[in-house]
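> predicted structure and sequence below. I'll ask about it afterward.
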Amino acid sequence: MTCRKVVPLIDDFADGALDESLSEKIQKHFSACSKCECQLDETRRLKTLLGRLVNSEPGSQYFHVATELILTRVSAESQIQKRVH
Ligand SMILES: [Zn+2]
């Protein structure tokens, strides 16, 4: 396997979507090629993050912080508009 063949398959590999013989070949490439291994790590990290975002209910703290951010932004923008007019 070459990097060019492995890279497009990293995503499916991280999902465990490849058949056994193919993932074995890719696994071999990862142990020989740190560049692709890094990319696999990165892909797994992103997937974990995304999974957490999708699966976790935002807690009350989230709404507290978000509301504050929105209010700050809205009042800052209304002040900018006052200055313009
Ligand atoms: Zn490689």
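Cool, the structure landed.
> Val54: how many residues sit nearby?
The number of residues packed near Val54 is 7, by other Cβ atoms under 10 Å. Where C-beta positions appear, they are placed from N, C-alpha and C, glycine not excepted.
> any idea which helix or strand carries it?
helix 34-55 (DSSP states H and E).
> render the CA-only coordinates of that helix in CSV, please.
Taking Å, rounded to 0.1, in the frame of the first residue of the first chain, the C-alpha atoms of helix 34-55 are listed here in CSV:
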residue,chain,number,x,y,z
SER,A,34,4.1,7.8,10.7
LYS,A,35,2.6,10.4,8.4
CYS,A,36,-0.5,8.3,7.8
GLU,A,37,-0.6,7.2,11.4
CYS,A,38,-0.7,10.9,12.4
GLN,A,39,-3.6,11.4,10.1
LEU,A,40,-5.4,8.5,11.5
ASP,A,41,-5.0,9.9,15.0
GLU,A,42,-6.3,13.2,13.8
THR,A,43,-9.3,11.6,12.1
ARG,A,44,-10.1,9.6,15.2
ARG,A,45,-9.8,12.7,17.4
LEU,A,46,-12.2,14.7,15.1
LYS,A,47,-14.7,11.8,15.1
THR,A,48,-14.6,11.7,18.9
LEU,A,49,-15.1,15.4,19.2
LEU,A,50,-18.0,15.4,16.6
GLY,A,51,-19.6,12.4,18.3
ARG,A,52,-19.5,14.2,21.6
LEU,A,53,-21.1,17.3,20.1
VAL,A,54,-23.8,15.3,18.5
ASN,A,55,-24.5,13.0,21.3
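> how distant is it from the center of its chain?
Distance of helix 34-55 from the chain centroid (Cα atoms, centre = their mean, to the nearest Å) equals 6 Å.
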